[in-house]
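Colleague: sequence below, structure please.
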Amino acid sequence: MTMTRKIRKAVLPVAGLGTRFLPATKAVPKEMLTVVDKPVVQYVVEEAMEAGIEHFVFVTGRNKGVIEDHFDIQVELEATLRERGKTAELKSLEEMLPAAGATSFTRQQEPLGLGHAVWCARDIVGDEPFALLLPDMIMRDSIGCLSGMVELYGKVGGNVVAVGECEPDQAHKYGIVGKGEDLDGGFRITEMVEKPPMGTAPSNHFINGRYILQPGIFDILTHQERGAGNEIQVTDAMLKLAETQAFSAYRFDGETYDCGSKEGFILANVAYALDRADIKPLVANGLKGLLSRA
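Modeller: Residues are numbered from 1 along each chain as shown. This is a model prediction of the structure:
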């Protein structure tokens, strides 16, 4: 088995403005919009906790203080719940919290792209491999996406990205990877292409927002020039890192909801509502009625 350093830290870039959800995100961070009764970012943190992550690095911007407050104890609320005998609600609040001292918050300051957001976490992550989770993406399966990635990483080391499959005629919309040697749960990556022109994609396997990266990415990002959208792109830095380090893909076969889009956010709410025994009957009946009129 390959000797690898444990993945202890996760970086969550939460500095985005969320303009696609205005006016809802004028004063509320897009990461705090709720899917049923939990903020989107909480689903992502819970996925990381399940995978054994010990420290969470949030790369924030202005007006994001509510995220920090969410992952903290609210003394008055908990006291009130205790007084009223709301034990289930109190337990849910306790279980969602990372351990004391296990969260760090750093400012991106300028919207210079995902690669720049990752670079802003360099001093907190230090010289160790880390997970990168895009907080807009909710991944649903019996085994968490990052848990599966950590398992694959333990076998092959190097860098691991999660991939899903899209329709071939949609590949031009995504970051696409080339498929090489099969691995248990994934495959070796032969190439990475960001939004290839239609008809030129090496496969239909797209990068879906979960990464395990070696710390060498930080040195590359320090000197990375701006790319697509005049932003510093993490894919460009990954391509450079791939010149000297192996990249593997973890094949994620569950459901992926892009909550950075309105349609993905709505579908996530429907899917998770139908998973809830307490509200499923009313939601299901309501959906049937709405669909009959569509």
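
Colleague: any idea of the mean pLDDT for stretch 239-247?
Modeller: In this model, stretch 239-247 has a mean pLDDT of 92.

Colleague: hmm, who's touching it?
Modeller: 156-161, 177, 188-189, 192, 213-214, 216-217, 220, 224, 238 (CB atoms under 8 Å, 6 or more residues apart in numbering). (C-beta placed from N, C-alpha, C; glycine too.)

Colleague: repeat that for stretch 72-79.
Modeller: Contact with stretch 72-79 is made by L90, L93, L97, as judged by CB under 8 Å, 6+ apart.

Colleague: burial count for the last one?
Modeller: Close neighbours of L97, defined as other CB atoms under 10 Å, add up to 15.

Colleague: that one touches F71, doesn't it?
Modeller: Yes: contact criterion CB atoms under 8 Å: L97 and F71 qualify, at 6.4 Å.

Colleague: quick one, which of the contacts of stretch 239-247 are buried?
Modeller: Buried by 16 or more other CB atoms under 10 Å: 156-161, 177, 188-189, 192, 213-214, 216-217, 220, 224, 238, out of those.

Colleague: next step: those restricted to strands.
Modeller: Residues of those located in strands (DSSP state E): N159, V160, V161, V177, R188, I189, M192, L213.

Colleague: now those in TSV, with distance to V35 and pLDDT?
Modeller: Below are those laid out as TSV (distance: CB to CB, whole Å; pLDDT from 0 to 100):
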residue	distance to V35	pLDDT
N159	29	96
V160	26	97
V161	24	96
V177	28	91
R188	34	94
I189	31	94
M192	30	87
L213	27	97
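
Colleague: low pLDDT regions in the stretch 51-200 of the chain?
Modeller: Within the stretch 51-200 of the chain, no stretch falls below the threshold (pLDDT under 70).

Colleague: what are the ranges of the strands in it?
Modeller: Remark: strands assigned in the stretch 51-200 of the chain by DSSP state E, counting those that start in this stretch are 55-60, 103-107, 130-133, 137-140, 159-165, 175-183, 186-194.

Colleague: CA atoms only: put the fifth one into PDB for me.
Modeller: To tie it back to what came earlier, the one meant is strand 159-165. Taking Å, rounded to 0.1, in the frame of the first residue of the first chain, the C-alpha atoms of strand 159-165 are listed here in PDB:
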ATOM      1  CA  ASN A 159      -3.600  14.000  -6.100                       C
ATOM      2  CA  VAL A 160      -7.200  12.900  -6.400                       C
ATOM      3  CA  VAL A 161     -10.200  14.600  -8.000                       C
ATOM      4  CA  ALA A 162     -13.800  13.400  -8.000                       C
ATOM      5  CA  VAL A 163     -15.500  13.100 -11.300                       C
ATOM      6  CA  GLY A 164     -19.000  12.400 -12.600                       C
ATOM      7  CA  GLU A 165     -20.300  11.600 -16.000                       C
END
